[in-house]
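A.B. asks: for reference, the sequence and a predicted model appear below.
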Amino acid sequence: MKSLQPVRGTHDLLPDAFRRHRHVVDRAKAVAESYGYQQMATPIFEFTEVFKRTLGDTSDVVSKEMYSFADRGGEEVTLRPENTAGVCRAVMSNGLRQSLPAKFFYDGPMFRYERPQKGRQRQFHQIGVELIGVEGPLGDVEVIALGAHILDGLGILSRTKLELNTLGDQESRAAYRAVLVDYFTARRSELSEDSRNRLERNPLRILDSKDEGDRRLVAGAPSFQEYLTPAARAFFAAVTSGLEAVGVGFEVNPRLVRGLDYYCHSAFEFTTTELGAQGTVLAGGRYDGLIEMMGGPSTPGVGWAAGIERLAMMVADVPSPARPVAIVPVGAEAELHALRLTQELRRSGFPADLGYSGNLGRRLKRADRIGARVAVILGEDELARGAAMVRDLDTGDQSEVALEALQDRLAQFR
Ligand code: ATP
Ligand code: MG
């Protein structure tokens, strides 16, 4: 039966995978909180307009990747492909513009109809931060430094590279756009079909094309740097000197453009060579125009998102859960005793596991399988003496311990 498989591009997070996932989120959240970013969550679906208006019709996400449907009431809704638009929508819906700047951290599932491959899923998960209401370059520096700090906390910063570019202000973009249109129009026949479409609607996006032929043309295209206004140039200079001041290394990549319409000024990506084609682990930029695109007042913002699956693949060791105490009753008489003892230990804060059934051998095997550190064997003879056998499962050593002294003894195995 087809329905016994998860939908293509989706995955179950079984306990080991989930633990890695959780580790990434917990670490990231702790660092984000130390920068004053507070966790929030928006709904997993929004009105389709929220994404359509902000990401732009020419973006890959809107044109090909969204999970959109009409619900039973006829509302056009979309499973969120990213969370920046939702967070900005929430700022407006909740009247938070009154108390800007606001700093948010989030984590959760995102949905994009893409071709599944390593590091690319249809349901994937992101952590992200948004800093809303800060106009100046210090905002960009802060969120980038926070991203670097989180990667460092996960032990992977040194295996990534920060690529940075500026998309300038509106004036710079208009000037550059005109030059780009001329350049690509003269080479129109060599462009991919996608890029020919972009030429009319959003020529900057061509710089982002993954098509081989396009990339060759892009390599020879005029550079954005020459068309920046003095103000945009000064903004970028302030971002780079801020990063230098806080010791965050970067490389300027003039070809880096983000795929979405709402970016301006800083665009950045932390990339790695360890994940094959899916090398971007954390990506973001400044999105001053976004809230306005939604129909709100002009409000600056800057942030990033990172794929949890990609981060989790790079993280080496994740702390394993505390090893439990296995309680092993021997004989029917001991069962109730064991039940009571297990519950007592749990209340005292010992992770404890009572095998459900079976003889001594079977239960010890199970204790092994669940990674128990120590077993408490309750035999009838020991119980009659008010004692239990405590077995160190790593060494096999065992000794009898009075029940009153049991917790003290077990504490030695923590
Ligand atoms: P890509 O170029 O890999 O398609 P993107 O530009 O579409 O990335 P963003 O929208 O910036 O990605 O999302 C930020 C991060 O989320 C990415 O850098 C990546 O780590 C992760 N991500 C994006 N799409 C997926 C996906 N389909 N599966 C897994 N992770 C993803
Ligand atoms: Mg993509």
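C.D. replies: Noted; the coordinates are in hand. Ligands and ions are numbered 1, 2, ... in the order given.
A.B. asks: quick one: the strands in the stretch 151-300 of the chain?
C.D. replies: With strands called from DSSP state E, counting those that start in this stretch, the stretch 151-300 of the chain shows them at 161-166, 251-252, 264-271, 280-286.
A.B. asks: is there contact, residue-wise, from the longest one to ligand 1?
C.D. replies: I take that to be strand 264-271. No. Remark: strand 264-271 sits outside contact range of ligand 1, by Cβ under 6 Å from any ligand atom, the gap being at least 6.8 Å. From N, CA and C alone the C-beta is placed, and that goes for glycine too.
A.B. asks: quickly run through the sheet partners of that strand, with directions.
C.D. replies: According to DSSP bridges, strand 264-271 forms sheet pairs with strand 161-166 (antiparallel), strand 280-286 (antiparallel).
A.B. asks: name the residues that touch the shortest one?
C.D. replies: The reference is to strand 161-166. 144, 148, 224, 228, 232, 235-236, 239-240, 243, 248-257, 265-272 (Cβ atoms under 8 Å, 6 or more residues apart in numbering).
A.B. asks: tell me which parts of the stretch 201-350 of the chain are close to ligand 1?
C.D. replies: Selection of the stretch 201-350 of the chain residues close to ligand 1 by Cβ under 6 Å from any ligand atom yields 259, 278, 280-281, 283, 305-307, 309-310.
A.B. asks: between the residues you listed, which is nearest ligand 1?
C.D. replies: Closest approach to ligand 1 among these (Cβ to the nearest ligand atom): residue 307, at 2.6 Å.
A.B. asks: for the closest one, phi and psi?
C.D. replies: The phi/psi pair for residue 307 (degrees, to the nearest 10) reads phi -80, psi 120.
A.B. asks: quick one: contacts for it?
C.D. replies: Contacts of residue 307 by Cβ under 8 Å, 6+ apart are 119, 124-126, 280-282.
A.B. asks: hmm, try it at 10 Å
C.D. replies: 24, 110, 119-121, 124-127, 275, 278, 280-283, 313 (Cβ atoms under 10 Å, 6 or more residues apart in numbering).
A.B. asks: likewise residue 272?
C.D. replies: Residue 272 neighbours (Cβ under 10 Å, 6+ apart): 151, 156, 159-161, 278-282, 310-311, 313-314.
A.B. asks: quick one: the helices in the stretch 301-414 of the chain?
C.D. replies: 308-314, 332-347, 360-369, 380-384, 406-411 (DSSP state H, counting those that start in this stretch).
A.B. asks: buried deepest among those, which one?
C.D. replies: For these, the largest average neighbour count (mean count of other Cβ atoms under 10 Å) is found in helix 308-314, namely a mean of 22.
A.B. asks: dump the contacts of residue 272 to TSV, plus pLDDT.
C.D. replies: As requested, these are exported to TSV (pLDDT from 0 to 100):
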residue	pLDDT
151	98
156	96
159	96
160	97
161	97
278	83
279	91
280	95
281	97
282	98
310	96
311	97
313	95
314	95
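A.B. asks: who wins for neighbours among those?
C.D. replies: residue 311 (29 neighbours; other Cβ atoms under 10 Å).
A.B. asks: I'd assumed residue 124 was in contact with that residue.
C.D. replies: No. With contact defined as Cβ atoms under 10 Å, residue 311 does not reach residue 124; the gap is 11.1 Å.
A.B. asks: can you name every helix or strand that the longest helix along the chain contacts?
C.D. replies: The longest helix of the chain (DSSP state H) is helix 15-34. Contact partners of helix 15-34 among helices and strands, from 3 or more Cβ pairs under 10 Å, 6 or more residues apart in numbering; DSSP states H and E: strand 38-39, strand 102-111, strand 123-132, helix 137-153, strand 301-307, helix 308-314.
A.B. asks: any regions of this protein where pLDDT drops low?
C.D. replies: 1, 259-261 (pLDDT under 70).
A.B. asks: could you rerun that using 80?
C.D. replies: 1-3, 56-60, 258-262, 355-356 (pLDDT under 80).
A.B. asks: which among the contacts of strand 161-166 count as buried?
C.D. replies: 144, 148, 224, 228, 232, 235-236, 239-240, 243, 248, 250, 253-254, 256-257, 265-272 (16 or more other Cβ atoms under 10 Å).
A.B. asks: okay, now the domains of the chain?
C.D. replies: Following automatic domain parsing, the chain resolves into domains at 2-169+229-314, 325-413.
A.B. asks: quickly compare the ones you listed and say which is most buried.
C.D. replies: When you average the neighbours per residue for each of the domains of the chain (mean count of other Cβ under 10 Å), domain 2-169+229-314 leads with a mean of 18.
A.B. asks: gap between the two ends of that domain?
C.D. replies: 32 Å (Cα to Cα, to the nearest Å).
A.B. asks: swap in stretch 111-128?
C.D. replies: 15 Å.
A.B. asks: quick check, that stretch touching ligand 1?
C.D. replies: Yes. Counting by Cβ under 6 Å from any ligand atom, contacts between stretch 111-128 and ligand 1 involve 112, 114, 119-121, 124, 126.
A.B. asks: need the max-distance pair from those.
C.D. replies: Largest separation among these by Cβ to Cβ: 114 and 126, giving 14.0 Å.
A.B. asks: circling back to that earlier point, any chance of the residues of the stretch 201-350 of the chain next to ligand 1 in CSV, with distance to residue 198 too?
C.D. replies: Listed next are those as CSV, based on distance: Cβ to Cβ, whole Å:
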residue, distance to residue 198
259, 11
278, 22
280, 20
281, 26
283, 19
305, 23
306, 26
307, 25
309, 28
310, 26
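A.B. asks: show me what the one helix or strand residue 90 maps to is packed up against.
C.D. replies: Here residue 90 is covered by helix 84-93, with elements defined by DSSP states H and E. Applying 3+ Cβ pairs under 10 Å, 6+ apart, we find helix 84-93 packed against strand 45-47, helix 48-55, strand 102-111, strand 123-132, helix 290-293, strand 301-307.
A.B. asks: okay, residue 366 and ligand 1: tell me how far apart.
C.D. replies: 36 Å (Cβ to the nearest ligand atom, to the nearest Å).
A.B. asks: list the contacts for that residue?
C.D. replies: Shown in contact with residue 366 (Cβ under 10 Å, 6+ apart): 326, 328, 353, 355-358, 372, 375.
A.B. asks: swap in 8 Å and give it another go.
C.D. replies: Residue 366 touches 326, 355, 358, counting by Cβ under 8 Å, 6+ apart.
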